[in-house]
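K.L.:
here is a sequence with its predicted model. Questions after.
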Amino acid sequence: MKKFIDLRSDTVTKPTSAMRKAMVEAEVGDDVFGEDPTVNILQEKVANLLGKEASLFVPSGTMANQLAIKSHTQPGDEVIIESSSHPYNFEGGAGAALSGIQFCCLQGVRGILEPSQIEEAIRPADHHFPVTRLVCLENTHNRGGGSIFPLEKMADIYRLSKSRGLLVHLDGARLWNAAVATQIKPSEYAQWADSVSVCLSKGLGAPIGSLVAGSKLFVDRVHRFRKMFGGGMRQVGIIAAAGIYALDHHLERLREDHQNAKRLAVGLKEFKGVSVDPRHVETNIVIIDVAGSAMKGSQLVEAMKKGGVLIHAIGNTQIRLVTHLDVTAEDIEKTLKVIGEILAKK
Ligand SMILES: Cc1ncc(COP(=O)(O)O)c(C=O)c1O
């Protein structure tokens with residue numbers, strides 16, 4: 001089988017041999033009874049990393065976010081969120097379907113919202129309006145191009161939210177990337193949110209798994225809804241073991257992904273018709289716009305595929321390239337060579 005360089009997403013990684021070994025050797029039990037020792041170790045580890053009282057293992061980032069939304073809200077409530085965020089755009093309309101909430105979408109700069117925007121969006125206490133209940137942030141921001149939500153801004157939004165009686169949820173699917181890039185601990189970010197979801201199956205390279213963290217009371221509520229959503233799993237330590245392995249071995253190496261993404265952006269900028277600002281590449285995601293070339297995004301995707309590189313069109317002219325565990329510095333140079341066979345240099 002032809003080996004592609006796969007830059008479509010950081011979710012495409014395959015478990016390493018060492019990770020598979022950890023999975024095979026995992027001690028397991030029935031986690032619906034709370035008896036899987038490996039799951040319990042993972043939950044405690046993630047709660048500690050995030051400085052929260054508890055955390056709960058769930059199958060996906062989508063379920064983690066939606067359980068948090070469900071646990072924090074009542075039907076009819078309004079949730080303030082950035083307009084290109086994951087929970088609003090890419091979770092199948094679950095907020096409306098499963099929690100009966102409506103989103104109030106605010107446009108950020110590369111996904112980052114200002115506290116003043118949020119303040120303006122909070123509804124007055126008047127029975128005509130929905131009740132503003134929750135603010136959702138995303139760090140790093142996927143469609144923002146892996147942008148890092150600045151700690152100070154998170155702190156200001158949290159303080160504002162508390163002063164107005166709102167809850168804050170952080171979609172931290174890639175919080176690990178933010179932490180490694182800034183050297184700010186995940187718990188320092190997480191202190192500015194009532195609940196946090198994190199993924200093990202993105203940059204960290206585990207095949208499955210996310211966690212939702214928060215107070216014991218909140219996680220108890222999440223537990224009930226996880227059952228209701230069908231997310232209770234049995235001898236799931238076999239998967240939790242991959243997550244523990246990933247946290248122990250793949251966290252610090254995210255730095256390499258960030259270096260590769262930066263190098264990719266610097267190289268791509270040299271091609272005619274490609275617009276990208278490498279200064280905006282803060283972590284492992286590069287978003288380019290090919291509006292200035294004669295090609296549509298989908299045409300460049302096809303041409304790159306013929307050259308052995310998979311990339312992902314996210315709009316007519318926008319393309320996303322994501323670095324991860326299975327992409328080397330050499331792969332980045334190969335990718336630039338392949339694009340060089342399609343587009344001329346500036
Ligand atoms: C920011 C963000 N949140 C949540 C998710 C959902 O994760 P999952 O695919 O595990 O449902 C993703 C997936 O890419 C994401 O990028």
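P.N.:
Arrived safely, thanks for sending.
K.L.:
wait, Ser99 touches Ala68, no?
P.N.:
No: Ser99 is beyond contact range of Ala68, at 9.8 Å (criterion: CB atoms under 8 Å). From N, CA and C alone the C-beta is placed, and that goes for glycine too.
K.L.:
got the phi/psi numbers for the residue in the stretch 1-150 of the chain that the ligand sits nearest to?
P.N.:
Here the stretch 1-150 of the chain gets closest to the ligand at one residue, Gly61, 2.4 Å apart by CB to the nearest ligand atom. Here is the backbone geometry of Gly61 (degrees, to the nearest 10): phi -60, psi -40.
K.L.:
who's in contact with it?
P.N.:
Counting by CB atoms under 8 Å, 6 or more residues apart in numbering, Gly61 touches 86, 171, 173, 197, 199, 201-202, 210.
K.L.:
can we see that at 7 Å?
P.N.:
Shown in contact with Gly61 (CB atoms under 7 Å, 6 or more residues apart in numbering): 173, 197, 199, 210.
K.L.:
ok, back up a step: more crowded one of Ser99 and Ala68?
P.N.:
Ala68 (30 against 23; other CB atoms under 10 Å).
K.L.:
what helix or strand is that one on?
P.N.:
Ala68 belongs to helix 61-72 when assigned by DSSP states H and E.
K.L.:
was I right to think Val28 contacts Val39?
P.N.:
No: in this structure Val28 lies outside contact range of Val39 using CB atoms under 7 Å: 8.3 Å.
K.L.:
those two - which one has more neighbours?
P.N.:
With neighbours defined as other CB under 10 Å, Val28 and Val39 compare such that Val39 has more, 28 against 18.
K.L.:
check which residues of the helix or strand encompassing that one are buried.
P.N.:
Here Val39 is covered by helix 37-50, with elements defined by DSSP H and E. For helix 37-50, a neighbour-count test (16 or more other CB atoms under 10 Å) marks 38-43, 45-47, 49-50 as buried.
K.L.:
ok, now stretch 287-295?
P.N.:
287-290, 293, 295.
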